[in-house]
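> Any chance you can model this:
(3 chains)
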Amino acid sequence: MTFTDAADRHYPAFSTDACIKCNVCNTVCPVARVTDLFPGPKYVGPQAQRFREAPRSADHSVDLCSGCGFCTRACPQGVRIAETNSRARAEMVEERGSSLRNRVIADTDLLIRLGVPFAPLANFALRSRILRWIGERVVGVHRSAALHPFARRTFQAAVARRRVSDDRGPDRTLIYFHGCAVNGFETSLGRDAISVLERNGFSVIVPPQSCCALPMISNGLYPQARAKARRNLTVLGDYARRGYRIVTTSTSCGYTLKAEYAEMLDLDDPDARAVARQTWDICELLGDLHERSKLDTRLAPLDRELPYHPPCQLKAHGIGTPAMDLFALIPGLRAWNSEHDCCGAAGTYGLKRERWQIAQDVGRGLFARLRERPAPDMACDSETCRWQITASTSIPARHPVEYIAESYRRWDAAHIGEVARAEAGTQLGAT
Amino acid sequence: MPDVDVVVIGGGATGAGVLRDLAMRGLRAVLVERADFGSGTSGRYHGLLHSGARYVVHDPESARDCARENAVIRRIAPACLELTGGYFVATPDDPLDYAERFVPACAAAGVEVDEVSPAALLDAEPLLNRRIWRAFSVADASLEPWELIDANLASARAHGAEAWRYTRLTRIVTGEDGAVAGVELEAGRTGERRTIACSAVVNAAGAWAGQVAALAGARLGMRPGKGAMLVMNRRLTSAVVNRLAPAGDGDILVPVHTVSILGTTDVEVADPDDVRVTDEEVRALLADGDRLVPGLSGSRVVRAYAGCRPLYDEADVDAAHESREISRAHHVVDHGQRDGIRGLWSIVGGKLTTYRLMAEQTVDAVAGALGVAAACRTADEVLPGSEEGRSYWLGERLAALEAEGGGDADLVCECEIITSGQLQAELDAHPDSTLDDLRRATRLGMGPCQGAFCTCRAAALLSDRQGMGLNGSATPDPNAALLAFLAERVRGTRAIAWGDQLAELWLEAGVYRGTLAVDTIGAAGNGSQDGAPSHAEP
Amino acid sequence: MPSHDAVVVGGGLSGLTAGLALAESGADVALLAKGMAASHWVHGGIDIADSGQASSSAAAAAALASLPGHPYAVLADDLPAAVAEALRRLADAGLPYRGGLDAPLEWIPTAIGGLRRAAILPDGQATVLDPWEADEGLLLVGVERYRDFWAGYAARNLAAAEWPGGPARVHAAVVELPGLARLRNLTPLVIARLFDDPVWRRSAWPLIRQAVPAGRWRIGVPAVLGLDRHAEVLAEAVRELGPVFEMPSLPPSVPGIRLHDALRRRFEASGGRLEIGFGVTGVERSAGAVAALETAAAGRPRRVAAGVFVLATGGLAGGGLRGLPGGKLEETVFGLPVSSPSADRWFSGEPLGDGVELERAGIRVNADLRPLDTAGRVVLDNVLVVGSELSGMRYLSERCGDGVALASGHRAGRLIGVGQRATATTTTTTTTRRTAS
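Residues are numbered from 1 along each chain as shown, chains lettered A, B, ... in the order given. Take a look at the predicted model:
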């Protein structure tokens, strides 16, 4: 990293200059609230930062930061606390190395490559208490941690024979970054996402892609993360620079593409800038269509309660809660916001043997609230949060766009024969 | 029979060094300091252990002294050092030919320098100006003055000497023969007066040496040179960085613990207590600082402060010269020869790096006159606290706290990581400490919040000790201590009251006035003594 | 690109008050804040005004209203309704306050043993307003290891203080509460959350009771009596200990957080949208007015349009004003002209005393709260300025910050009313962006 301005507050370590010690960050930290092991964002962030000098780390407690980012957003002075912590962790990992466990759980591409071909066997192992117990002792992944069963076939394999060209241009063509969750675990979400986007008149290209690298970033494995990011930028950058929008169905991947490649990994080239600018969360994109009266709102009623939990990563986007706005368009759907800050999963944080209980304690309030007002299932935009919620409450969790897709499907079923689709494709959505 | 052989006036590095040297040579000595040890120039410099390279071109004698003493201090006082290393760098604004004079002059003065490539420099110090075109590494280090003074005093005490702070010299008593007979002293806190009979007085009052000499009726022309410095909130470089140019404002950046100090201006002042930092000085420092580290002026400045160089007006130095051009080499003035006051010596000039050498030469003169033949051993004997030969590093306090489990429940000062236990220990050792004394001992209140959070905690600690009868009458009144420290901390932010530091000040004002109503606590609520040294900085 | 009737910038007392007034009147209002506000730092009481002599806040505010340029000169009429409304909202939200504009200003003790005057306090602190009986003593109870409540120090100061009508005697005690001995992190929130736990606090009450000497005492404790279940904790504390009151100290302030949370929950329940964590990075102007703001969303700026904007960014502490080298001040969102005493008079007296002229700096407004330039012309037609960002007051010396926040927030809500949604302006717009600072 080269610097041209020591006062550039966008660079996390420099932003700590703005700390006035007011303690606001400490009041919002979900981890410090539940465990005395974590000394809080002010201590590990702007305070400890003044004593850090690579390559010799003085501290270890920063590793308990879950990276939820509440501190950064609460800070009235603009200190990028969570980002400072992430970099401090990366420096620690660079100096002291990383556990095999962390390197494995951070490499989702590898897990999918190993797990999907042997899905029946792997899923049996995930369900086996004895194997999970062994996994906890040997690998360090908590036996009760939320691990989603592998898909029988990757999403990439499923769409391999799709042939979609970009010749309708950037206004009518979207690039779908499905991320690891869809690729290896929740392939039906990918199909729903494509159907909803196509319903709104877009051609959807699914390019070859790697893990966005967030799990590596949050485990401090920056060099590995950079390699993944560069591979993605090569593919996505070309589209983005030509004005194509990239759509994600994971607020985590989306945030990584929008912000973390530059902020954490120091990837600041035209590709990275274009990808950051052109990446849209799917609900953000649909909400934007609606703001501009371009959304196909022929939505059939879903008469039910729907609990919704906005994940931390969504809050980091700074786009409000577009899923709630979309739910309001579905007749009969009574969506309510969990009003709770964090489920505790924080990506791979809650998987770790020594962190699992902390993650459970962080999410406890949310889980209690979801149990108080039972519903058949609930919605959340981020996969690891969904899995954590389901594992902790037994309530199935789905991505918001799956409800939109279902509502569209029901509308279609009720209007068989009407020539809606083709028409919609030309008049709505793509601009 | 005199009470002691020698009275040393001034508790800076030089005075402490003189006391130690006297004691090690078997002389009975006492040091008196009007305020806290190290509260004058020694505690108000940029924290640099000079390699000597700064002076090679204009003052080779100083350069040679520095280079030699640099090695000595590394040997006898490693615990007072952070071995940061240093660079001389040529920015595009620096003269093209200076290096051509610099390199041979270094060789001539015995100052070791190594040329490093600008690329290697930027790799080590990524914030430096990318247009730096030439760089040399030197043996600079970061020197903690209060530790050094404390270690010297501890050594002196171990050899039988005494050192009294908050003790003001009111008169140097001379006999009918014109020889020094004793000193009259006044305890600053109690006003108690006493007279000490002695055979000799060493005036090590630095920039105040003229005032001290006057108390014996001697005229000593001092030309105090005020140097202003800015404290940057974080370390901008990990090594000392000097401009490869003749000395000027804002030409040095020294990493000192958690901060970087940008120094220094040079303004001759009439009164060495006049150490206000002007807006012009701040502007000049920042403008030059930007040449070393682009963006420095937009980074957070937590404080501005100044110290006074103890420069001596030699008759042979043209008075029209800027004071930076006056030799910084030190001078031992024998007032017996010069003014007919036998037994009085003044040591003036010099710099912190050469404090020991100055002490040695002074004591050589004094001991000779008193008929003591013992040789100086201060360069050979390691100072207390440095026995392990280890220097400190930036993360030391955090690492120690983390080793204890981390967390800040027991911290009084979060910015600088100071526990209540550390303050209690300091107060056990020095029950008369004000909060500003605790600051010099521990760095209390020297971080970004400048006392906003630690001042009331520390004042409560003083009050509780008093409530428990731990200190007797020596403890300063907690309220006076609180108000004085707040005022002193806040005053140091005046000249740099913008941006985050102004926001910090506003947060502090909101808490102390809005929530705590600090303006209503009586300054004498818990006692009757003055909590502040009378010369607290303006 | 969301579009609202009104956008409030700033989430402190003034911003939430303006936002609530708008939301409750049915407007579509969004509140944007770059972070949490100063409410997390302050004592949680509501200071309307205090001259040191006036008998009530109303009288002190009336005196301030006669000063030219003081915000109360414009806001005096709004003050009674604003205070009444705020107290109603807080009571409805389960955080009742005692006192009011006409209640007498009483001397109350602070955590370092200073005395300040107050007339409106949350129930958790309000018991201290009751007159002291002749045989009634004040007992300050500190918590072992909690570093920001100084029972002994405060008690020694209060015992020596001139406290008109104060307690007969002052004592201090420090109690060891369960589970605190080995905590590495001991903020007031940690203790407040412990008090939220009914099981834990059952073990705490006897320990506190043991510290109470014989005789009649009113007990001052750190402001840690519960967070989410404060009312329940407080009621139990009174049952267990007798008259007890919280004494706020250094940030973070639990009473301040309770106040913020109560207003914030009400704002959202009234349909207001709240987005905290993204500063304004750009302003889109159109013919003397503001068309939209850009916020620092991830990836690309987010445009938020509205018919009217309320600036509630909170002065120097809140970040609405920022000092620049050379004694200049800038308004950080719209770049409005700042009215300020000259820099050489900023700190003319004691640095934390009455001499801080800089307190007066802020944005000058007309009766419609529109920002003015030095010539008195309105700078932006659809921007209203509220709270500590206003010029001409000394919110610390005059203890008027909360009152100005409430009255100006209330007035902004009243002035805007419903139906101000902007008709889509298609005139040329210019957007100015700020670099992140």
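> Any regions of the stretch 1-150 of chain C where pLDDT drops low?
C:1 (pLDDT under 70).
> residues in it within reach of chain A, list them.
The stretch 1-150 of chain C has residues C:M1, C:P2, C:S3, C:K34, C:G35, C:M36, C:A37, C:A38, C:H40, C:W41 near chain A, with proximity defined as C-beta under 8 Å from any C-beta of the partner chain. C-betas here are computed from N, CA, C, even on glycine.
> Now with 7 Å, please.
With the criterion set to C-beta under 7 Å from any C-beta of the partner chain, the stretch 1-150 of chain C comes near chain A through C:M1, C:P2, C:K34, C:G35, C:M36, C:A37, C:H40, C:W41.
> Most neighbours out of those residues, which is it?
Counting neighbours by other C-beta atoms under 10 Å in any protein chain shown, C:A37 leads these with 30 neighbours.
> what number of residues lie near the closest residue to that residue other than its chain neighbours?
Counting by C-beta to C-beta, 6 or more residues apart in numbering or on different chains, C:A37 lies nearest to C:G12, which is 3.3 Å off, once chain neighbours are set aside. C:G12: 33 surrounding residues under other C-beta under 10 Å.
> and the closest residue to B:Y312 other than its chain neighbours, what is it in contact with?
The shortest distance from B:Y312 to any non-neighbouring residue, by C-beta to C-beta, 6+ apart, is to B:V348 (4.1 Å). Counting by C-beta atoms under 7 Å, 6 or more residues apart in numbering or on different chains, B:V348 touches B:A209, B:M222, B:P310, B:Y312, B:H330, B:H331, B:V333.
> So what's the residue count around the fourth one?
Other residues lying near B:Y312 total 25 when counted by other C-beta under 10 Å.
> what does the fifth one give?
Here the count is done by other C-beta under 10 Å, and B:H330 has 23 residues near it.
> Assign a three-state SS to the residue lying closest to it once chain neighbours are set aside, would you?
Nearest non-adjacent residue to B:H330, counting by C-beta to C-beta, 6+ apart: B:G350, 3.3 Å away. Three-state assignment for B:G350 (DSSP: H, G, I helix; E, B strand; the rest coil): coil.
> Might you calculate how far the longest helix along chain B sits from the centre of the chain?
For chain B, the helix with the greatest residue count under DSSP state H is helix B:60-76. Computed by C-alpha atoms, centre = their mean, to the nearest Å, the separation of helix B:60-76 from the middle of its chain amounts to 18 Å.
> same thing with stretch A:165-173?
On C-alpha atoms, centre = their mean, the centre of stretch A:165-173 falls 26 Å from that of its chain.
> mind listing what's buried in that stretch?
Buried residues in stretch A:165-173, counted by 16 or more other C-beta atoms under 10 Å in any protein chain shown: A:D166, A:P170, A:R172, A:T173.
> The stretch 51-200 of chain C: strands as residue ranges?
C:97-99, C:106-109, C:115-118, C:120-122, C:136-143, C:170-175 (DSSP state E, counting those that start in this stretch).
> Pull the residues that contact the third one.
Contacts made with strand C:115-118 from outside it, assessed by C-beta under 7 Å, 6+ apart, are listed as B:517, B:520, C:45, C:47, C:50, C:105-110, C:161, C:163.
> what's the closest of the buried residues of stretch A:165-173 to chain C?
A:P170 (15.0 Å; C-beta to the nearest C-beta).
> For burial, what's the neighbour tally of the residue nearest to the closest one when sequence neighbours are not counted?
Nearest non-adjacent residue to A:P170, counting by C-beta to C-beta, 6+ apart: A:G243, 3.8 Å away. For A:G243, the neighbour count with other C-beta under 10 Å is 13.
> Is A:G243 within a helix or a strand, and which one?
Using DSSP states H and E, A:G243 is not contained in any helix or strand.
> Give me the distance between it and C:G242.
71 Å (C-beta to C-beta, to the nearest Å).
> same thing with A:H60?
46 Å.
> Could you point out the helix or strand that follows the helix or strand where B:A209 lies?
Using DSSP H and E, B:A209 maps to helix B:209-214. Going down the chain from helix B:209-214, the next helix or strand is strand B:225-232, by DSSP H and E.
> quick revisit: need the pLDDT of the residue nearest to B:H330.
Looking at B:G350, its pLDDT is 92.
> ok now do the residue in the stretch 101-250 of chain C that chain B sits nearest to, which residues does it touch?
Relative to chain B, the nearest point of the stretch 101-250 of chain C is C:R184 (2.4 Å; C-beta to the nearest C-beta). If a contact means C-beta under 7 Å, 6+ apart, then C:R184 has A:D36, A:P39, B:G405, B:G406, B:G407, B:A409 as its contacts.
> From these, keep the buried residues only.
Counted by 16+ other C-beta under 10 Å, the contacts of C:R184 give A:D36, A:P39, B:G406, B:G407, B:A409 as buried.
> Would you agree the first one is in contact with C:L180?
No: look at A:D36 against C:L180 with C-beta atoms under 7 Å: they stay out of range, at 10.2 Å.
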